[in-house]
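Visitor: Just the structure for this:
(chains A and B)
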Amino acid sequence: GAVVSQHPSRVICKSGTSVKIECRSLDFQATTMFWYRQFPKQSLMLMATSNEGSKATYEQGVEKDKFLINHASLTLSTLTVTSAHPEDSSFYICSARSDHKETQYFGPGTRLLVL
Amino acid sequence: AQTVTQSQPEMSVQEAETVTLSCTYDTSESDYYLFWYKQPPSRQMILVIRQEAYKQQNATENRFSVNFQKAAKSFSLKISDSQLGDAAMYFCAYRRTGTASKLTFGTGTRLQVTL
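Guide: Residues are numbered from 1 along each chain as shown, chains lettered A, B, ... in the order given. Okay, the predicted model is just below:
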């Protein structure tokens, strides 16, 4: 299967700071990337969908000014959690898909802890 | 809206035995994709198997096979010769065809494999 990397794998930050998470498709061009959040023992919750070169589409209830998504190239998308607070602590997962593939491939996830 | 239901929060199977995980979905579409993803303790989402709705033949991948009943909107996963490494959270997912479509996940089934 295709490979999606995510960096960092875990991050601890102070409340009020911003954190950037990178998602890269290593062996295919990702026309669409997805960002999910997962709470313990729960399913994945889609936050937003991004297409290369255009603005992300956010799901209802997700603050676009807090969770900034940039999909600048066909292999890179970033999620920036701005002014992070303890309630933003969670597991964030990116996923990527090519127009030529039916399957979505997932990154290994980023564990964010905001103190 | 599409929904995916996994009615078994937890399942247990003995090593070398066979287990079936259930999944039902609701859609008005005629063409779509169905997936089973595995999430082990590492939390990396791994594609187990994929089924295209237009294909009548059930998908198989080594020890993993599905029972796809389109009329009943059922998509169960059978794991044969279970191994300790199969212990994980299993998510059933649906996606309609089209580049703008998103995955809809079920709530997951936690599979335990015992000796």
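Visitor: who's the one residue in chain A that gets nearest to chain B bridged to?
Guide: Of all residues in chain A, the one sitting closest to chain B is A:F106 (3.7 Å; Cβ to the nearest Cβ). Quick note: C-beta positions are derived from backbone N, CA and C, even for glycine. A:F106 has the following beta-bridge partners by DSSP bridges: A:S95.
Visitor: shouldn't it be in contact with A:F91?
Guide: No - applying Cβ atoms under 8 Å, one finds A:F106 not in contact with A:F91, separated by 11.8 Å.
Visitor: quick one, what contacts A:S95?
Guide: For A:S95, the contact set (Cβ atoms under 8 Å, 6 or more residues apart in numbering or on different chains) comprises A:4, A:33-36, A:104-107, B:45, B:103.
Visitor: What is the neighbour count of the residue of chain A closest to chain B?
Guide: Other residues near A:F106 come to 24 when the count uses other Cβ atoms under 10 Å in any protein chain shown.
Visitor: still on that earlier bit, so which of the contacts of A:S95 wins on neighbours?
Guide: Among those, A:M33 has the most neighbours (other Cβ under 10 Å), with 29 neighbours.
Visitor: nearest residue to that one other than its sequence neighbours?
Guide: A:S77 (4.0 Å; Cβ to Cβ, 6 or more residues apart in numbering or on different chains).
Visitor: could you say which helix or strand contains that neighbour?
Guide: strand A:76-81 (DSSP states H and E).
Visitor: Could you list the buried residues of that strand?
Guide: Residues A:76-79, A:81 are the ones in strand A:76-81 that count as buried (16 or more other Cβ atoms under 10 Å in any protein chain shown).
Visitor: export those to CSV and tack on pLDDT?
Guide: Below are the buried residues of strand A:76-81 laid out as CSV (pLDDT from 0 to 100):
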residue, pLDDT
A:L76, 94
A:S77, 94
A:T78, 95
A:L79, 97
A:V81, 97
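Visitor: picking up where we left off before, quick one: the residue of chain A closest to chain B from B:A72, how far?
Guide: 29 Å (Cβ to Cβ, to the nearest Å).
Visitor: again, but for A:S9
Guide: For A:S9, the distance to B:A72 - Cβ to Cβ - is 41 Å.
Visitor: Same check on B:Q44?
Guide: 31 Å.
Visitor: With neighbour numbers in mind, choose between these two.
Guide: Between B:Q44 and B:A72, B:Q44 has the larger neighbour count (other Cβ under 10 Å), namely 17 against 9.
Visitor: what are the ranges of the strands in the chain?
Guide: I went with chain A, as the question did not name one. With strands called from DSSP state E, chain A shows them at A:4-7, A:10-13, A:19-25, A:32-38, A:44-51, A:57-58, A:67-73, A:76-81, A:90-97, A:105-106, A:110-114.
Visitor: Can you look at chain B instead?
Guide: Ranges of strands in chain B, per DSSP E, are B:3-5, B:10-14, B:19-21, B:24-26, B:32-39, B:46-52, B:60-61, B:64-69, B:74-79, B:88-96, B:104-105, B:109-114.
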